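Here is a sequence with its predicted model. Questions after.
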Amino acid sequence: MLGVAVTVVRDGDQAALIDGGMRSSVPDVIGVLDRIPGKRPVSHILVTHAHPDHAWGLAELQAATNALVAAHQAEVAILEGTQAWPSPFAFPVLRPIPVPRGWSPQPVGIDIVLEHGSLVDVSGGVDVLHTPGHTPGSVCYFFRRTGLLYVGDALQYPNGRLAHPSRVFTRDMAGATQSIVRLAAMGPETIAFSHYPPITRQASATLKGFAASVA
Ligand SMILES: [Zn+2]
């Protein structure tokens, strides 16, 4: 969806969304959801982190689906609009500059406040892994039944190689590296990213190899 993923995880007639993406992508997302039988197929919207490109469509998607929105406690105030959106840029000179008001995503109410170890009751159970670094409240989601590890921006996968998160947009690279090392213990079947195609083969070994190289 225009450079950033909004992911639909379908489980029979139920579905979860991951992130809200761009506002201009919302009609396309709803078009996908309309193909799932039932009136309210989306029970949850799982937010990976409070960066605008992951959140511009959140409020409209929540209104369209009436889903419960889940996000890490460190980013609830930003998403709910009680704290200004911080600059997504890592450069110290740009950090004090908040996201201009007109560019800030619309506030969205957070129904489920997450912390490390939370279990979300969707798709057979989703473990919440707090992976600070890219942002303070970045989380990854591990779908127990399928072994899908959704990493958002905690990792990149350019040209078929795992890489650290973007240096331009990552606040704490040392923290991000520690988070990658911890993620490697999950043993995923599939790894999905917000800006790259997924790893569907040898995901666990690939992640373990990368984590060992950066540890
Ligand atoms: Zn990001």
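All right, it came through fine. Residues are numbered from 1 along each chain as shown.

Now do the strands in this structure.
7-11, 14-18, 42-46, 68-72, 112-114, 119-120, 126-130, 139-143, 148-152, 190-193 (DSSP state E).

Note down every partner strand of the fourth one and its orientation.
Strand 68-72 has the following strand partners under DSSP bridges: strand 42-46 (parallel), strand 112-114 (parallel).

Including mean neighbour count and distance to T206, could those go into TSV?
In short, each C-beta sits where N, CA and C put it, glycine included. Shown next, in TSV, are the strands paired with strand 68-72 (neighbours: other C-beta atoms under 10 Å; distance: least, C-beta to C-beta, whole Å):
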stretch	mean neighbour count	distance to T206
strand 42-46	23	23
strand 112-114	18	26
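
can I get those strands in JSON lines with mean pLDDT and distance to Q106?
Below are the strands paired with strand 68-72 laid out as JSON lines (pLDDT from 0 to 100; distance: least, C-beta to C-beta, whole Å):
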{"stretch": "strand 42-46", "mean pLDDT": "96", "distance to Q106": "14"}
{"stretch": "strand 112-114", "mean pLDDT": "98", "distance to Q106": "19"}
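
can you tell me which of those strands comes nearest to the ion?
Comparison of the strands paired with strand 68-72 against the ion by C-beta to the ion identifies strand 42-46 as nearest, at 14.7 Å.

Near Q106, how many residues? Count them for me, please.
Residues lying near Q106 (other C-beta atoms under 10 Å) number 16.

hang on, Q73 packs against V113?
Yes: counting by C-beta atoms under 8 Å, V113 is a contact partner of Q73 at 4.9 Å.

Just give the closest residue to the most centrally placed residue in the chain, not the sequence neighbours.
By C-alpha atoms, centre = their mean, the chain has its centre lying nearest to T48, at 2.4 Å. Closest residue to T48 apart from its sequence neighbours, by C-beta to C-beta, 6 or more residues apart in numbering: G152 at 3.1 Å.

export the strands paired with strand 68-72 to CSV and tack on distance to Q156?
Below are the strands paired with strand 68-72 laid out as CSV (distance: least, C-beta to C-beta, whole Å):
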stretch, distance to Q156
strand 42-46, 20
strand 112-114, 23
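
Tell me if I'm right that the residue nearest to T48 and C140 touch.
Yes: using C-beta under 8 Å, G152 is in contact with C140, at 6.6 Å.
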